[in-house]
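Peer 1: curious how this folds, go ahead:
(one chain, ligands or ions: 2)
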Amino acid sequence: MTPSAAEYVRAVDLLRAGELVAFPTETVYGLGADAANPAAVAKIFAAKGRPADHPLIVHLAGHDAVDHWAEQVPPVAWELMEAFWPGPLTLILKKQAWVPDAVTGGQDTVGLRVPGHPVALELLRRFAASGGHGGIAAPSANRFGRISPTSAAHVQEELGDRVPLILDGGSCTVGIESTIVDCSRGEAVVLRPGHISPAHLEAVLGCRPNIETAAGAPRVSGSLAAHYAPQTPMRLIASERLLDFLNAQRHKGDACGVISHSLPPHAGMPHIWHMLPADPVGYAHELYAALRDMDHAGMSLITVEALPDDPAWAAVADRLRRAVAGAGPG
Ligand code: TXA
Ligand code: MG
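Peer 2: Ligands and ions are numbered 1, 2, ... in the order given. As a prediction, the model looks like this:
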């Protein structure tokens, strides 16, 4: 699944002309625009239906572009870049004065990431080589508050009529959004959990990073309590209660979908049952596609087997909690 040379050329032409291009990353698909062009960035907010004060992540082709966008970059940030870029890690840094408010939501910081996906990197390299500032601002390519897309078909479904080009890079390997670490205050603080866990960060930093992912000011849009949400109501049910719960639903005549990781599908039970891998990495890879499937199937309820209470599951548990908070009424 690789775009042709002609598609890359068209993508760069569109970006240079201030238009949007959706592209794959290893986490989720992004809805990209020239980060140095405020009018282009405004089109992202319009297409997503997203409040314009939410800052966007700027994607770069490599570390060497960081100083152009950020200043006073502390040693911890360079250590993290060295260890995890290209990869699913976003760093919040003090921005250079020229970086447009449209990208930073008027803050004095900017989020930067070098994605670990060959299509994203090829696009970023070609865009940087075309002149200009080389940064592509991109939030996840979904309507505001909805499930992030992990395939080109998902982007088509979310924004098909609003984006002139979707580069197809297959399905995203990680499947949930990048870990966000704020380094703008000199030390590393985790703002959004992700595939790169506090334990991974600790292995590089030599100490446990602080974690500030709780509710509060929505500097990180993913930190709104309701986010990543399907339209079907959703409930988390403990493993040992799941079968009883589903039986009761069946007696009420409700068709509910099930997402489990330890309980295999039961014959005669709800007709959509996704058993996801029982490890957090495999689970994250499949979660959003499973939720999207259930939404399409017109179930009255999505029942999710509660996750193990273990730090390794923290990022997935975070997305599930927000999906439950934001799912449709009922
Ligand atoms: O994996 C990802 O991060 C994906 C792919 C496309 O790179 N992008 C993504 O973007 O998830 P988005 O906009 O859905 O979430 C990025 C988060 C936002 O919640 C935004 O508020 C936060 O990054 N962010 C960006 N710049 C920030 C800043 N200066 N301070 C605090 N948060 C920031
Ligand atoms: Mg998003």
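
Peer 1: residue 323 is in contact with residue 229, isn't it?
Peer 2: Yes - counting by Cβ atoms under 8 Å, residue 229 is a contact partner of residue 323 at 5.1 Å. The C-beta positions use only the backbone N, C-alpha and C, and glycine is treated the same way.

Peer 1: ok, the closest residue in space to residue 61 that isn't next to it in sequence to residue 115 distance?
Peer 2: Leaving aside its chain neighbours, residue 61 sits nearest to residue 124 (3.9 Å; criterion: Cβ to Cβ, 6 or more residues apart in numbering). Distance from residue 124 to residue 115, counting by Cβ to Cβ, to the nearest Å: 8 Å.

Peer 1: which neighbours do those two share?
Peer 2: residue 59 (Cβ atoms under 8 Å, 6 or more residues apart in numbering).

Peer 1: out of these two, which sits in the more crowded spot?
Peer 2: Legend: neighbour count by other Cβ atoms under 10 Å for residue 124 and residue 115, higher for residue 115 (29 against 24).

Peer 1: now the more buried one: how far from ligand 1?
Peer 2: 6 Å (Cβ to the nearest ligand atom, to the nearest Å).

Peer 1: what helix or strand is that residue on?
Peer 2: Using DSSP states H and E, residue 115 sits in no helix or strand.

Peer 1: based on its surroundings, how many neighbours for the residue nearest to residue 210 when sequence neighbours are not counted?
Peer 2: Among residues not flanking residue 210 along the chain, residue 189 sits closest, at 4.6 Å (Cβ to Cβ, 6+ apart). Each residue near residue 189 was counted by other Cβ under 10 Å, and the total is 17.

Peer 1: enumerate every residue touching residue 189.
Peer 2: Residue 189 sits next to 181-183, 209-212 when contact means Cβ under 8 Å, 6+ apart.

Peer 1: and residue 15, which helix or strand is it part of?
Peer 2: Residue-wise, residue 15 maps onto helix 5-16 under DSSP H and E.

Peer 1: elements contacting that helix?
Peer 2: strand 21-23, strand 30-34, helix 118-129 (3 or more Cβ pairs under 8 Å, 6 or more residues apart in numbering; DSSP states H and E).

Peer 1: quick check: pLDDT value at the residue lying farthest from the centre of the chain.
Peer 2: Distance from the C-alpha centroid of the chain, by Cα atoms, centre = their mean, peaks at residue 251 (37.4 Å). Residue 251 is assigned a predicted lDDT (pLDDT) of 87.

Peer 1: now residue 53
Peer 2: pLDDT, read off for residue 53, is 85.

Peer 1: which parts of the protein are helices?
Peer 2: 5-16, 38-48, 66-69, 75-84, 101-104, 118-129, 152-159, 198-205, 239-251, 280-296, 314-326 (DSSP state H).

Peer 1: any bit of the last one sitting next to ligand 1?
Peer 2: The one in question is helix 314-326. No - against ligand 1, helix 314-326 shows no contacts by Cβ under 6 Å from any ligand atom, the least distance being 11.0 Å.

Peer 1: average pLDDT for that helix, rounded please.
Peer 2: 92.

Peer 1: buried residues in it?
Peer 2: By 16 or more other Cβ atoms under 10 Å, the buried positions in helix 314-326 come out as 314-324, 326.

Peer 1: so who does the residue nearest to residue 61 touch?
Peer 2: Contacts of residue 124 (Cβ under 8 Å, 6+ apart): 59-61, 114-115, 134, 136.

Peer 1: next: residue 105.
Peer 2: So residue 105 contacts 52-56, 219 (Cβ under 8 Å, 6+ apart).

Peer 1: find the nearest non-adjacent residue to it, please.
Peer 2: The shortest distance from residue 105 to any non-neighbouring residue, by Cβ to Cβ, 6+ apart, is to residue 55 (3.7 Å).

Peer 1: right, and the helices and strands packed on helix 5-16 - which one's nearest residue 65?
Peer 2: Minimum separation from residue 65 across these (Cβ to Cβ) falls at helix 118-129, 7.0 Å.

Peer 1: neighbours around residue 13, how many?
Peer 2: 13.

Peer 1: how close does it sit to ligand 1?
Peer 2: Residue 13 sits at a distance of 21 Å from ligand 1 (criterion: Cβ to the nearest ligand atom).

Peer 1: tell me the pLDDT of that residue.
Peer 2: 98.

Peer 1: show me what from the chain comes close to ligand 1.
Peer 2: Residues of the chain lying close to ligand 1 (Cβ under 6 Å from any ligand atom) are 25, 27-28, 30, 54-57, 90, 92, 104, 107, 109-111, 113, 115, 138-140, 177-178, 180, 219-222.

Peer 1: contacting residues for residue 270?
Peer 2: By Cβ under 8 Å, 6+ apart, the neighbours of residue 270 are 246, 249-250, 255-258, 299, 303.

Peer 1: would you mind measuring from it to residue 246?
Peer 2: Residue 270 is 6 Å from residue 246, by Cβ to Cβ.

Peer 1: quickly list what's touching both of those two.
Peer 2: What both residue 270 and residue 246 touch, as defined by Cβ under 8 Å, 6+ apart, is the set 256, 258, 303.
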